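K.L.:
What follows is a protein structure lacking sequence information:
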């Protein structure tokens, strides 16, 4: 085993451990901190895959902006109170069943797919992780979904601006 494989195994263990601790932690602030560790270790996986652009975007968007937002929301809301609507065994049982079904579905999909052959062809071409190849694919093969996503984001920004305005600013005065 080479250095890359050992580093991958260490990062995979860290990602899995912090992901499990995110879900099982009783304190919401600790869960968010474990989620930040998960995002940073996933970014390290991107670096190992020679996808530095995705690693930087993941750190900026998820590790920075989204996690700061989550942390402020959790700290402003008092989420340390227990919710009495569900019993703990029901939550554990339903979570276990959904997780097992998701695991079986994921393994079945990867078992039937030809992921290994496609990855070997991409590795032979040497175009994994290059920003130029990502841009050319986005603007050639996926130009319509890319433009539709930009229209969706524009609508979300306009909606956020309209929701943040005061209601009396929106009414026309006679």
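P.N.:
Perfect, I can see it now. These numbers come from a predicted model, not from an experiment. Numbering: from 1, shown residues only.

K.L.:
rest of the way, CA atoms for contacts and neighbours
P.N.:
Noted.

K.L.:
Show me what counts as buried in stretch 56-69.
P.N.:
Of all the residues in stretch 56-69, those buried under the rule 16 or more other Cα atoms under 10 Å are 56, 58, 59, 62, 63, 67.

K.L.:
Can you pick out the ones from those residues that are in strands?
P.N.:
Assigned to strands by DSSP state E, none of the buried residues of stretch 56-69 qualify.

K.L.:
and those, which of them are in helices?
P.N.:
Filtering the buried residues of stretch 56-69 for membership in helices, criterion DSSP state H, returns 56, 58, 67.

K.L.:
ok, those vs residue 112, which is closest?
P.N.:
Nearest to residue 112, judged by Cα to Cα, of these is residue 58 at 29.1 Å.

K.L.:
Let me see the contact set for the closest residue to that closest one other than its chain neighbours.
P.N.:
Nearest residue to residue 58, sequence neighbours excluded (Cα to Cα, 6 or more residues apart in numbering): residue 43, at 6.2 Å. Contacts of residue 43 were listed using Cα atoms under 8 Å, 6 or more residues apart in numbering, and they are 54, 55, 56, 58, 59.

K.L.:
Could you pull up phi and psi at residue 43?
P.N.:
For residue 43, the backbone dihedrals (degrees, to the nearest 10) come out as phi -60, psi -40.

K.L.:
Tell me the spacing between it and residue 66.
P.N.:
Per Cα to Cα, to the nearest Å, residue 43 is found 15 Å from residue 66.

K.L.:
before we move on, the earlier item: residue 147: which of the contacts of residue 43 is nearest?
P.N.:
Comparing every one of the contacts of residue 43 with residue 147 (Cα to Cα), the shortest separation belongs to residue 54, at 19.7 Å.

K.L.:
ok, so what distance separates that closest one from residue 41?
P.N.:
Noted for residue 54: a distance of 13 Å to residue 41, by Cα to Cα.

K.L.:
what's the answer for residue 96, then?
P.N.:
To residue 41, residue 96 is 25 Å away according to Cα to Cα.
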